[in-house]
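In: no FASTA, just this:
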């Protein structure tokens with residue numbers, strides 16, 4: 001039996017146990033995990049430094065190196081997110097609906113764990129902790145398969161978390177890490193329906209498409225973030241400049257960063273050059289169509305695939321458009337249904353954009369950088385779901401649950417049964 005097969009089997013067994021312990025027991029386990037991470041910061045950073053060194057040796061992009069990097073500040077944020085999750089109410093056994101039928105049956109719909117969750121993700125080692133914590137809180141076990149670029153960080157984090165479970169009611173196999181770099185071995189998870197209840201891929205488009213295409217296990221799709229912002233002709237200049245710079249430059253390596261800017265022709269003719277000053281000051285390389293370049297010569301020509309690209313870097317394509325309708329058409333063509341925004345003071349434009357855009361998150365006069373579980377008050381997130389079934393947007397605690405019906409009666413039957421009337 002391979003590593004993946006063995007860990008999948010054991011994780012399924014663990015899922016049955018973690019689902020039955022109390023909410024207090026699960027929160028106690030999370031407290032132990034938070035304390036263990038705090039107590040092992042030096043060891044975690046040392047392991048992470050190994051990953052960073054190998055990433056640089058392998059000439060990984062700066063955006064990827066940033067995503068895999070841990071610091072004391074980022075670890076403190078991870079620990080705080082654990083305590084935030086502990087402070088949230090558990091959705092388990094929450095009554096979604098109650099229906100008292102005329103025949104006396106009482107039908108309750110309640111939230112229950114998904115079971116054994118497998119997640120395949122790239123770079124960011126914080127995801128290792130986030131997904132484990134959210135899974136435990138919702139009574140699930142989790143199988144983690146991170147990228148080889150973070151293997152040292154992930155092994156250390158998972159070892160610390162598993163050790164923290166030793167003095168709790170949760171089995172050690174509540175958290176499992178696939179350590180093998182063999183991608184073919186990992187594909188076993190795609191078809192392990194007897195053990196794995198759902199797969200959640202988190203990463204680039206190629207990874208997500210692979211899992212969606214090949215898996216027979218149900219998949220919750222977390223899409224790439226080719227995020228757009230449309231600047232309407234009525235947009236406030238000061239607000240727009242601030243929001244655009246934040247959305248693009250605050251942390252360009254994450255999936256909710258701005259990737260394409262669409263600007264109304266009238267706003268562009270008056271204010272695009274001022275915006276260019278801001279973007280260049282923040283070291284953003286701006287590529288534009290002919291109309292944009294005619295307004296400001298500092299804008300370089302577009303490349304063929306720019307509108308299709310999630311750059312995750314300080315590169316920003318700009319397109320000048322004639323209307324909000326044209327902006328929506330462009331987003332329909334190139335968007336990934338993640339996060340889209342409009343900057344406008346015109347109510348008609350805002351209402352049209354908010355209703356017409358098909359995306360998990362649609363913003364008005366705010367940065368797309370808020371598409372995040374912590375910012376939404378979820379404590380942490382598994383990912384940003386861009387599909388429509390089961391869950392959409394930042395995936396917090398309820399996203400890791402399903403429901404079942406509990407039907408309570410007092411002898412009801414569908415029809416009058418034929419019974420033996422002889423006394424016994």
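Out: Cool, the structure landed. Remember, predicted model here, so these are calculated numbers, not experimental data.

In: in the stretch 51-200 of the chain, which spans are strands?
Out: 95-100, 106-113, 116-121, 141-145, 175-177, 198-202 (DSSP state E, counting those that start in this stretch).

In: do you know how far residue 207 is from residue 8?
Out: Distance check for residue 207 against residue 8: by CB to CB, to the nearest Å, it reads 19 Å. Quick note: C-beta positions are derived from backbone N, CA and C, even for glycine.

In: Of the two, which one has the most company?
Out: residue 8 (23 against 17; other CB atoms under 10 Å).

In: In what element of secondary structure is the more buried one found?
Out: According to DSSP states H and E, residue 8 maps onto helix 3-18.

In: Now do that helix: distance to the chain's middle.
Out: Relative to its chain's centre, helix 3-18 lies at 24 Å (CA atoms, centre = their mean, to the nearest Å).

In: What are the contacting residues of it?
Out: With CB atoms under 8 Å, 6 or more residues apart in numbering as the test, helix 3-18 has contacts from 1, 26, 113, 115-116, 118, 136, 139-143, 170-174, 176, 178-180, 185-186, 188-189, 192, 194-197.

In: I'd like to know which of those residues are buried.
Out: 26, 113, 115-116, 118, 136, 139-143, 170-171, 173-174, 176, 178-179, 186, 188-189, 192, 195-197 (16 or more other CB atoms under 10 Å).

In: Check which helices and strands the helix or strand bottoming out on mean pLDDT in the chain sits against.
Out: Taking mean pLDDT, DSSP states H and E as the measure, helix 183-186 is the helix or strand of the chain with the lowest mean score, a mean of 83. In terms of contacts (3 or more CB pairs under 8 Å, 6 or more residues apart in numbering; DSSP states H and E), helix 183-186 is packed against helix 3-18.

In: related to what we said a few turns ago, for residue 44, which of the strands of the stretch 51-200 of the chain is the nearest?
Out: With CB to CB, the closest approach to residue 44 among those belongs to strand 175-177: 14.4 Å.

In: Let's test this: mean pLDDT of that closest one, rounded?
Out: Computed over strand 175-177, the mean pLDDT rounds to 98.

In: by contact count, what packs against that strand?
Out: helix 3-18, helix 126-137, strand 141-145, helix 151-164.

In: mind checking how far the shortest one is from the chain centre?
Out: Averaging C-alpha coordinates over strand 141-145 and over its chain gives two centres that are 15 Å apart (CA atoms, centre = their mean).

In: what is the orientation angle of that strand with helix 126-137?
Out: In this structure, strand 141-145 runs at an angle of 170 degrees to helix 126-137, with axes from the mean of the first three to the mean of the last three CA atoms, to 10 degrees as the basis.

In: Strand 141-145 vs strand 198-202, what angle?
Out: Using the same axes, to 10 degrees: strand 141-145 against strand 198-202 is 40 degrees.

In: tell me the angle strand 141-145 makes with strand 106-113.
Out: With the same axes, to 10 degrees applied, the angle from strand 141-145 to strand 106-113 works out at 40 degrees.

In: Can you spell out which helices and strands pack onto strand 141-145?
Out: helix 3-18, strand 116-121, helix 126-137, strand 175-177.

In: Measure how far the second one is from the centre of its chain, please.
Out: Put plainly, it is strand 116-121. Relative to the centre of its chain, strand 116-121 is centred 12 Å away, using CA atoms, centre = their mean.

In: That one pairs with which strands, parallel or anti?
Out: strand 141-145 (parallel), strand 198-202 (parallel) (DSSP bridges).

In: can you tell me which of these the model trusts least?
Out: Among the strands paired with strand 116-121, strand 198-202 carries the lowest mean pLDDT, at a mean of 94.

In: Show me what secondary structure element comes after that one.
Out: Tracing the chain C-terminally past strand 198-202 and defining elements by DSSP H and E, one meets helix 205-214 next.

In: Using neighbour counts, pick out the buried residues of that next one.
Out: By neighbour count with 16+ other CB under 10 Å, helix 205-214 contains the buried residues 207, 208, 210, 211.

In: next one: stretch 370-377
Out: Across stretch 370-377, burial judged by 16+ other CB under 10 Å covers 370, 371, 372, 373, 374.

In: Fine by me, thanks again.
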